[in-house]
Every structure is written in structure tokens, then in C-alpha cells.
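A.B. asks: here is my input; please provide its structure:
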Amino acid sequence: METTSDRMINSVVFMGTPQFAVPLLQVLSNSKYCPELVVTQPDRPKGRNRKLHSPQVKIAALELGIPVIQPEDVNNPVAIEQIASVSPDIIVTTAYGGYIRRKLRRLTPLGCLNLHPSLLPKYRGAAPVNATLFNGETETGNTIFRMVASMDAGKILFQSKTPIKPDECYTELLTRLAESGAEEMVALLATLEQGNVIPYPQDHELATFSRKLEREDFFIDWQKPAEEVINHIRGLAISPGAVAFFRGKPLKIIRAEIIETTSNHIPAHITLIDKSVCVSTASTDIRLLEVQPAGKKIMSAEAFNRGARIIKGEQFDTTS
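C.D. replies: Here you go, the predicted structure:
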């Protein structure tokens, strides 16, 4: 049986990009495994004015006083030389957003470890937490594995499980997994130093994949049953948000719940019940709880109705 050999970890390189990676960077920085170097994606233009924005990991690393590099391709010779210059014993990654080739994975004695927010081999890929909620899963967790050429397919060093709360949404679950995963990674590194980790292979026949979300994935399909609509809303809330169109304008649906009534109206039809905004689906109706009109803050559905003055018989647009 393969075991890890004991080796002191004196130098760590961290690779990550979005907010999900920040808790791990922060916990590492407050431990004996504080990174010597942080690698993240380049600044990218965002918003209507296309102004350059720094990745959340870059912002956090600079606040912590840790050197940062932002190569367009982390596998190019210059980037590899920069990483090699700190003589890392291990590379720790999560949500980096780029492919790490063999030369870089083999650069360190202990390889490259990745924190992934799913129970691998389930939901490999770019959007595991979204997919978990879209499919109505009641349990998820974190997996830490050694990176190989195939995406999220390496041997598992650690896995934890956690129940998903019935009303837990994407942003809440992602945050919870990021925070628990950060503590789990630090604990694993300590165990790794002692040589007490036994990697085990994934069952590739059980692998499922979560592709990167596209524009059409954000739109609510009222023609689906209520449970699927609710799962879709939970799988995108609070940010980026599931989008419906009302009077030709986008409206993010942040929270909703199923109500045990069938209105006999066509899907997307709006009814007002005791000031609540309810919408028909292919099965039962759902009650909107929180929404976010374009350019405005999140508000209750009742507050939105007061401003919009929904008229009897209106419905959400069925095309975007």
C-alpha cells in the first residue's frame, strides 16, 4: 500500500484566484506553512467600463505581505523559474483557473495538492458546488487530492462530508466549504509531514463532471417542475444569481420556496397571494422571497411588488 514519506515542509507555493481560495491562503499564512510565493491569474477587465480588476487572491496576498506573480501561462519557463526560485517542498492549489502541466507538478518533492469542493469522483470540473445544488444533493464535502494530467482525477489524500441544509444556497455553501477546506488542508499538511497519509485512487467509472457555466445556464426555465426551479435558484444565489425577465428587464431571483398549491395557470404566470408574489411552474407554484432588480440591492419580493405594481394576469417573459 502506497504511503507518503515523512518530509518537513519548509517552503510552500500557493496557487488560487477567486474568493473561494482566500480562506485557504489566510489560514496557511497564519500557520507554519505560510506561502513563500502566491501564483494567481492576471488582472482582467470587468464591468461595463472594462476596468482592470485584480483577483481576490492577489488582493489578499498583498495585504498579507506575500509576493505575487500573475503569469498568463504558469507553465512557461519564466514562471517555472520564478516558482523554483523559492525551492518549494509542495504546491498547494485551489480554484486556480489554469492547467498545471507535468513539469510544474513534478517540480516539488511532495507534488501539487488541490482542494476541490465536492466528493470526488463526483462533480469533477469547474462548477462542482453549482452542480451539487442543481441536482438537489443533500450531502457534499471537500476532497484534497494529488494533481495529475487528467482533471480532478488524482489519488485522494483526504475527504470530508457535510450535509447540505435544505435552504442553503450556492454562496453560503461555497463559503462554508472554503472555510472548512482551509482548516482541513493545514491539518493534512501536518499529517503529511509525519508520513501518515495513505493516498487511494478514485473510481473513474463513477466520475461525473460539472462544466463551466455558460450564459444560458443563468436563466430560469419556468417550464420545469417547482423542485428543479428551486434547485436552480439555490445553485446560483446569492451571486451570480438566477435570472428571470419581467417586462423585458432582468430580475435576479435570490430566494424562493415551493408552496403546495397548483394554480392551473401556465408556467411563468404570476399570482399575488396575501401580498406574496407567486409564480407557476410545471408542477406547483413557488413563492418568491428575495429578488434583485438590475442595478439595485437585494429586496423582498413584496417590496419589489410595491414598486413594480404587478397587474393581475402578468407573467415572466419566457425568453431572454
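A.B. asks: mind listing the strands for the stretch 151-300 of the chain?
C.D. replies: Using DSSP state E, counting those that start in this stretch, the strands of the stretch 151-300 of the chain run over residues 156-163, 209-210, 242-246, 249-258, 270-273, 276-280, 285-293, 299-300.
A.B. asks: got the domain boundaries for this structure?
C.D. replies: Residue ranges for the domains of the chain, per automatic domain parsing: 12-210, 215-308.
A.B. asks: buried ones in the helix or strand of the chain with the lowest mean pLDDT?
C.D. replies: Within the chain, no helix or strand scores below strand 270-273, which has a mean of 84 by mean pLDDT, DSSP states H and E. Burial within strand 270-273, assessed by neighbour count using 16 or more other CB atoms under 10 Å, is assigned to 270-271. In this view, the C-beta of every residue, glycine as well, is placed from N, C-alpha and C.
A.B. asks: against which helices or strands is that strand packed?
C.D. replies: strand 276-280 (3 or more CB pairs under 8 Å, 6 or more residues apart in numbering; DSSP states H and E).
A.B. asks: partners of the strand it packs on in the sheet?
C.D. replies: strand 270-273 (antiparallel), strand 285-293 (antiparallel) (DSSP bridges).
A.B. asks: nearest to V39, out of those strands?
C.D. replies: Using CB to CB as the measure, strand 285-293 is the one of these that comes nearest V39, at 34.0 Å.
A.B. asks: where does the residue nearest to P199 when sequence neighbours are not counted land on pLDDT?
C.D. replies: The shortest distance from P199 to any non-neighbouring residue, by CB to CB, 6 or more residues apart in numbering, is to K155 (3.8 Å). pLDDT recorded at K155 is 98.
A.B. asks: likewise N49?
C.D. replies: At N49, the predicted lDDT confidence score is 81.
A.B. asks: all strands of the stretch 1-150 of the chain, in order?
C.D. replies: Applying DSSP E, counting those that start in this stretch to the stretch 1-150 of the chain gives strands spanning 12-16, 37-39, 44-46, 51-53, 68-69, 90-94, 112-116, 124-125, 139-146.
A.B. asks: distance of the closest residue to F145 other than its chain neighbours from S300?
C.D. replies: Spatially, and ignoring its direct neighbours in sequence, F145 is nearest to G154 (4.4 Å; CB to CB, 6+ apart). Distance, G154 to S300, by CB to CB, to the nearest Å: 45 Å.
A.B. asks: the more surrounded of those two?
C.D. replies: Neighbour totals were compared for G154 and S300, and G154 leads with 24 against 17 (other CB atoms under 10 Å).
A.B. asks: let me see the contact set for the more buried one.
C.D. replies: 114, 145-148, 202 (CB atoms under 8 Å, 6 or more residues apart in numbering).
A.B. asks: swap in A84?
C.D. replies: Per CB under 8 Å, 6+ apart, neighbours of A84: L107.
A.B. asks: number of residues surrounding M185?
C.D. replies: 24.
A.B. asks: for A226, same thing?
C.D. replies: Applying other CB under 10 Å, we find 23 other residues in the vicinity of A226.
A.B. asks: buried stuff in stretch 56-65?
C.D. replies: Judged by neighbour count using 16+ other CB under 10 Å, the buried positions of stretch 56-65 are 56-58, 60-61, 64.
A.B. asks: that older thread, list the contacts of the residue nearest to P199.
C.D. replies: For K155, the contacting residues are 2, 145-146, 148, 199-202, by CB under 8 Å, 6+ apart.
A.B. asks: pick the most buried one from the strands of the stretch 1-150 of the chain.
C.D. replies: strand 12-16 (a mean of 27; mean count of other CB atoms under 10 Å).
A.B. asks: can you give me the angle that strand makes with strand 90-94?
C.D. replies: On the basis of axes from the mean of the first three to the mean of the last three CA atoms, to 10 degrees, strand 12-16 is oriented at 20 degrees to strand 90-94.
A.B. asks: what mean pLDDT does strand 12-16 get?
C.D. replies: What strand 12-16 shows for mean pLDDT is 98.
A.B. asks: other residues contacting that strand?
C.D. replies: So strand 12-16 is in contact with 22, 24-25, 28, 33-40, 57, 61, 66, 74, 83, 86, 88-96, 100, 108, going by CB under 8 Å, 6+ apart.
A.B. asks: quick one: low-confidence ranges for the chain?
C.D. replies: Within the chain, the segments meeting pLDDT under 70 span 1-5, 262-264, 319-320.
A.B. asks: could you dump the longest helix anywhere in it to CSV, C-alpha only?
C.D. replies: As assigned by DSSP state H, the longest helix anywhere in the chain is helix 170-193. C-alpha atoms of helix 170-193 as CSV (Å, rounded to 0.1, in the frame of the first residue of the first chain):
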residue,chain,number,x,y,z
TYR,A,170,-24.6,28.4,-3.6
THR,A,171,-22.8,31.4,-1.9
GLU,A,172,-23.5,30.1,1.6
LEU,A,173,-22.4,26.5,0.8
LEU,A,174,-19.3,27.7,-1.2
THR,A,175,-18.2,29.9,1.7
ARG,A,176,-18.7,27.1,4.2
LEU,A,177,-16.7,24.6,2.2
ALA,A,178,-13.9,27.2,1.6
GLU,A,179,-13.6,27.8,5.3
SER,A,180,-13.7,24.1,6.4
GLY,A,181,-11.4,23.2,3.5
ALA,A,182,-8.8,25.7,4.6
GLU,A,183,-8.5,24.1,8.1
GLU,A,184,-8.5,20.6,6.5
MET,A,185,-5.6,21.4,4.2
VAL,A,186,-3.4,22.7,7.1
ALA,A,187,-4.2,19.6,9.1
LEU,A,188,-3.4,17.4,6.2
LEU,A,189,0.0,19.1,5.6
ALA,A,190,0.9,18.3,9.3
THR,A,191,-0.1,14.7,8.8
LEU,A,192,1.8,14.6,5.5
GLU,A,193,5.0,15.7,7.3
